[in-house]
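# Give the three-dimensional model of this entry:
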Amino acid sequence: MEPDLDALFNPRTVAVVGVSTTNPFHPANIIYNKNYYGYDCNVYAINPRGGELERRRVYESLSELPEKADMVVVAVKAHIVPEVARQCAGAGVRSMVVISGGFAEMGAEGQALQDELAGICDEASITLVGPNCFGVYAPPAVDTFFLPPERTVLPGKGHIAVASQSGAFMVDQIMTNFHEAGLGLSVAVSMGNKAQVDEEALLVHFAQREDTTLMCFYIEGIDQGVRRFINSAHEITPHKPIIVFSGGKSERGKHAAKSHTAALAADHELVEGALRQSGILEAETESEMTSFAKILAFYPNRPMKLCNIAVISSSGGHGVIASDMATEAGLNLPEFTPERQQEIRRLLEPNIQEIAAVSNPVDLTGSAADQDFERVLDYLLSKEDIEAAIVLTLPYTPMMTSFVGTRLGQVVKQYDKPVVAYVPNLAKYGMVLEGFELNGIPVVHSIEEAIQMLKALRLLGIACQE
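Here you go, the predicted structure:
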């Protein structure tokens, strides 16, 4: 069956099965409360014993609800879940999110239970996420993550769709990092054991969403769903970028993935080649995934063909580090001709004309002012052989003002070329950061992140050529 994913991301009515009248910390209670108080759906609590929760009725079954549930979230013991699925089938429920563990990740007996659950859902045309998952985060409609909101950081509404086999990794790494990077999400899905909804189904849905411009996936191992995902990506990557970070690359990691979500091990070199041929950008670390996502959120279609970049800094040391990292990432810092260096010197204020290093990277020294950065960046972006630039700003230098980001932003708007700005991660430099990002220049807090961003555009260029 083709999953009806609209029922997952836009449910009007949600029922939570397993809500306790005695344990406020039960996962079902957390899901029920956060949706009752914080999201747009109508939410109902279900427990076969019935009762009340904070003077609100706890229903004994789905048949007692005053309206049909579009989504049912299940947080009960594994052996009870198939019976809940049968009740959902009888009640005309459109989608289920099964938080409960104890299925295929536990071995043959659990696999049989999972197959039974999937069979019931398939026959009744119920879209199933999980089991053994966190479920769906679709602001402002619904959030099935069983995590207390005061202990988690979730990104706001945005244009990136995320899917992950591991719910904890998604929340602890991807979503926290995206929040800190200022990236918003259209939807996020923890797939768990993928009894029905898998990467390929989500990819096709994400690609069709008008509110989604970029997709990120965390996968463990490879199965038929991942193979279909890679094949489907061929037609999607020319229109919307896809970023993948994969776990289970080492032998020990493969074993851990098997016990985690019943993922199948595979030779990562084969996976890597298949991803590249489909135009998918593979991030090597969770940090790269965030960097890739941020640069593509700012510059969605800027593939680099020559891989030539310019680095402008007020610190020679920062420029050296950037040069080393750029080389490792496959980026070129072409050395400027004597004629170009002379042109750059003429653009500088008299006090630094003789002391600046103007090959590449360009070291404007700690005496550089806003206008020095502005003129040099404008000049270099005008050159055909320079495809992108990194600006390493140190706002504590005496001649630089808090308006440097705004001024450089006006320069970048004149060119169809990506620029990344480094600003130290200190609250006092907030105005500098905002000046860059409000004018279309993404900000990073480490040189490594800046290089990772332009590496993504290099990989995008390679994908476009293949």
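# any idea how the chain splits into domains?
1-131, 153-298, 301-465 (automatic domain parsing).
# Can you dump the C-alpha atoms of stretch 61-75 in PDB for me?
The C-alpha coordinates for stretch 61-75 follow below in PDB (Å, rounded to 0.1, in the frame of the first residue of the first chain):
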ATOM      1  CA  SER A  61     -11.500   2.700  23.800                       C
ATOM      2  CA  LEU A  62     -11.400   4.500  20.400                       C
ATOM      3  CA  SER A  63     -15.100   3.700  19.900                       C
ATOM      4  CA  GLU A  64     -16.000   6.100  22.800                       C
ATOM      5  CA  LEU A  65     -14.300   9.200  21.300                       C
ATOM      6  CA  PRO A  66     -16.600  12.000  20.300                       C
ATOM      7  CA  GLU A  67     -14.900  12.200  16.900                       C
ATOM      8  CA  LYS A  68     -12.800   9.800  14.700                       C
ATOM      9  CA  ALA A  69      -9.100   9.900  15.300                       C
ATOM     10  CA  ASP A  70      -6.900  10.700  12.300                       C
ATOM     11  CA  MET A  71      -3.800   9.500  14.200                       C
ATOM     12  CA  VAL A  72      -3.400   7.100  17.100                       C
ATOM     13  CA  VAL A  73      -0.100   7.200  19.100                       C
ATOM     14  CA  VAL A  74       0.500   3.900  20.900                       C
ATOM     15  CA  ALA A  75       2.700   3.500  24.000                       C
END
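# Can you tell me what sits against it?
7-8, 11-18, 26-28, 31, 41-42, 44, 46, 48, 59, 81, 84, 87-88, 90-100, 135, 142, 144, 146 (Cβ atoms under 8 Å, 6 or more residues apart in numbering). Backbone N, C-alpha and C define where each C-beta goes, glycine included.
# Tell me which entries of those lie within helices.
Ala7, Leu8, Pro27, Ala28, Ile31, Val81, Val84, Gln87, Cys88, Gly90, Ala91 (DSSP state H).
# Next, format the domains of the chain as JSON lines and append mean neighbour count.
Below are the domains of the chain laid out as JSON lines (neighbours: other Cβ atoms under 10 Å):
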{"stretch": "domain 1-131", "mean neighbour count": "19"}
{"stretch": "domain 153-298", "mean neighbour count": "20"}
{"stretch": "domain 301-465", "mean neighbour count": "19"}
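# which is the next helix or strand following the host helix or strand of Glu116?
Under the criterion of DSSP states H and E, Glu116 resides in helix 108-123. Per DSSP H and E, the first helix or strand lying C-terminal to helix 108-123 is strand 127-129.
# what pairs with that following strand, and is each one parallel or antiparallel?
strand 95-98 (parallel) (DSSP bridges).
# So which elements touch the helix holding Glu116?
Counting contacts by 3 or more Cβ pairs under 8 Å, 6 or more residues apart in numbering; DSSP states H and E, helix 108-123 is packed against helix 81-91, strand 127-129.
# out of the ones in helices among the contacts of stretch 61-75, who's nearest Arg302?
Nearest to Arg302 among the ones in helices among the contacts of stretch 61-75 is Leu8, at 32.3 Å by Cβ to Cβ.
# pretty sure that closest one contacts Thr127?
Yes - counting by Cβ atoms under 8 Å, Leu8 does reach Thr127; the two are 6.0 Å apart.
# Where do the strands of the stretch 201-350 of the chain begin and end?
214-220, 242-247, 281-282, 309-313 (DSSP state E, counting those that start in this stretch).
# All set now, cheers.
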